[in-house]
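Undergrad: sequence and predicted structure below; questions after.
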Amino acid sequence: MQLKSLAVRLLGFVAVVAMLVGCAAPGVTAPTTSDSGSTGSTGSAADAPQELVMWRFPLMDDQEAETKVWDEMIAGFTKDHPNVKISIETQPWDDRRQKLLSAIGSGRGPDVFYINPDMISQFSQSGAIVPISDNVTDADTAKFNPGTLIPWEGKLYALPILQNSVVYIYNTDLVKELGLDPEKLPTTIDEFEQWAQTAKEHDVFISTWSGNTATSGLTALIWQFGGDVYDADGNVIIDSPKTVAAMTLLKKMYDEGWIPPDSVTTGEKEQTDLFRDGKALSILMDGNSFYGSRDTYVNNFNWAFGPVLKGERQVTSGTVGSYAVSSKAADPSLAVEWIKYVTDTENSVKLNKTVGYLPPLKEAASFYTDDAVFQTLLDRASLVQVDPIFPSSSQAYIILAEEAQAVMTGDKTPEQAVADMQSRIDEAKNQSPQ
């Protein structure tokens, strides 16, 4: 890929999404820098090296290991571009958006930086990033998983370096205890409901549920029923019978006791404890976060990644980390060549194997032949749909979760809540910069 309110939970999610983001303006926190490249052999302007500055954000605790990967990338790129000097600055996470916008606006920012989908519309509209479509071919993009290339207004602004995927992880020992088959985990919403009823008969929850965020299951549920928040043009289309059907199932899950009674506001620790203690048959969360810290979630039992559930659609949620070109880049074409190099198959796999995320590549599984479990997670990642990236999306996440909470508690019917989702997100959209 601990929160006491919906707003804080959403910010927490953005921080999880921001586990893949982060930045700071110069002068706020001293960054660490890794440099490599030719220094030039003469003093002439023609021979002077071009410098390209990139801001990256720590993706793991072991920064020595991550820095080594980036140093190797620099060495490989400058071997073919001997007159280029790459400087990579490691920035902190805090207030990344504003610090990036301020730094770029003042001309002090990087040439290239890490970005998430929900930043693209804002940074494009503010003029902080430039489109890269003219410097990227179909052959360059063909290798990436569907949904990991995030165009905005018909233009491509970034290339993906990593992704994650929200999945069900099952306690397969408990599955056996309930008389169910761990080799036939639920693949459809109907099968999931059948398993939920069986689990309830044994006083076990089918899964955990994060009611105070929209991005850890709620948007995926809406999509699985065929609904959506926005259409391709950014029009709000949440008010539909398909979204009502999704909210009706959520209400049933809560009323029938298929998910915990505190699912309206539960936090990560409570969910972890339920799964670890064998009180929940599965946990719904970011799969690579689980895999990288599985000892936290597993208490001496076998487990497995479950299939992505299929309703009208087979889809799950997740996010993508990408690299974009700043509008202050001295040589945008060189900056694009660098991010194409960083996100190529070899470098993407090398970085992701080091930091523990998922390469956003169609052929990624072929590089993990020694890890069948991780191959399963990579397969799930191919079914990820990235959450909406329109300017009002952040507010929409809050609204979706609030209205879903009202459905779970019985304060609103599914129909009322979905109608209010529509009107409230429409209002948020009208108040957002377009």
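TA: Structure received. Numbers count the residues shown, from 1 in each chain.
Undergrad: hmm, V325 is touching S133, no?
TA: No: taking contacts as C-beta atoms under 8 Å, V325 lies outside contact range of S133: 11.2 Å. C-beta: built from backbone N, CA, C; applies to glycine.
Undergrad: could you measure from the residue positioned nearest the centre of the chain over to A401?
TA: In the chain, the centroid-proximal residue (C-alpha atoms, centre = their mean) is T319; its distance is 1.8 Å. Per C-beta to C-beta, to the nearest Å, T319 is found 16 Å from A401.
Undergrad: also Y341?
TA: 39 Å.
Undergrad: more crowded one of those two?
TA: A direct count of neighbours by other C-beta atoms under 10 Å for Y341 and A401 places A401 higher, at 25 against 17.
Undergrad: any idea of the pLDDT on that one?
TA: On pLDDT, A401 comes in at 95.
Undergrad: same question, S393
TA: 86.
Undergrad: now V69
TA: The predicted local confidence for V69 is 97.
Undergrad: in which helix or strand does it reside?
TA: helix 63-80 (DSSP states H and E).
Undergrad: for I115, list each beta-bridge partner.
TA: S322 (DSSP bridges).
Undergrad: V325 and S133: who's more crowded?
TA: Legend: neighbour count by other C-beta under 10 Å for V325 and S133, higher for V325 (27 against 14).
Undergrad: pull up the gap between that one and F301, please.
TA: 47 Å.
Undergrad: please apply the same query to D420.
TA: From D420 to F301 the distance is 41 Å (C-beta to C-beta).
Undergrad: who has more neighbours, those two?
TA: Ranked by neighbour count (other C-beta under 10 Å), D420 and F301 place D420 first, with 17 against 14.
Undergrad: list the contacts for that one?
TA: E403, K412 (C-beta atoms under 8 Å, 6 or more residues apart in numbering).
Undergrad: show me what the nearest residue to G217 once chain neighbours are set aside is bridged to.
TA: The shortest distance from G217 to any non-neighbouring residue, by C-beta to C-beta, 6 or more residues apart in numbering, is to L284 (5.1 Å). Going by DSSP bridges, L284 is paired in beta bridges with Y168.
Undergrad: now do the helix holding V69: distance to the chain's middle.
TA: Averaging C-alpha positions (C-alpha atoms, centre = their mean, to the nearest Å) puts helix 63-80 24 Å from its chain's average.
Undergrad: try stretch 379-389
TA: On C-alpha atoms, centre = their mean, the centre of stretch 379-389 falls 8 Å from that of its chain.
Undergrad: equivalent analysis for stretch 248-264, please.
TA: 25 Å.
Undergrad: C-alpha coordinates for that stretch, CSV please?
TA: Extracted in CSV, the C-alpha atoms of stretch 248-264 (Å, rounded to 0.1, in the frame of the first residue of the first chain):
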residue,chain,number,x,y,z
THR,A,248,-28.0,-3.0,-0.9
LEU,A,249,-25.5,-5.8,-0.6
LEU,A,250,-23.3,-3.7,1.8
LYS,A,251,-26.4,-3.2,4.0
LYS,A,252,-27.1,-6.9,3.9
MET,A,253,-23.5,-7.8,4.8
TYR,A,254,-23.8,-5.5,7.8
ASP,A,255,-27.3,-6.4,9.0
GLU,A,256,-26.7,-10.1,8.7
GLY,A,257,-23.5,-9.9,10.7
TRP,A,258,-21.3,-11.1,7.8
ILE,A,259,-18.9,-8.2,8.6
PRO,A,260,-18.0,-6.9,12.1
PRO,A,261,-20.4,-4.6,13.9
ASP,A,262,-17.8,-1.9,14.1
SER,A,263,-17.2,-1.9,10.3
VAL,A,264,-18.7,1.5,10.1
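Undergrad: where's the residue nearest to G217 relative to I150, distance?
TA: Per C-beta to C-beta, L284 is found 24 Å from I150.
Undergrad: so which of the two has more stuff around it?
TA: Using other C-beta under 10 Å as the criterion, L284 and I150 rank with L284 on top: 24 against 21.
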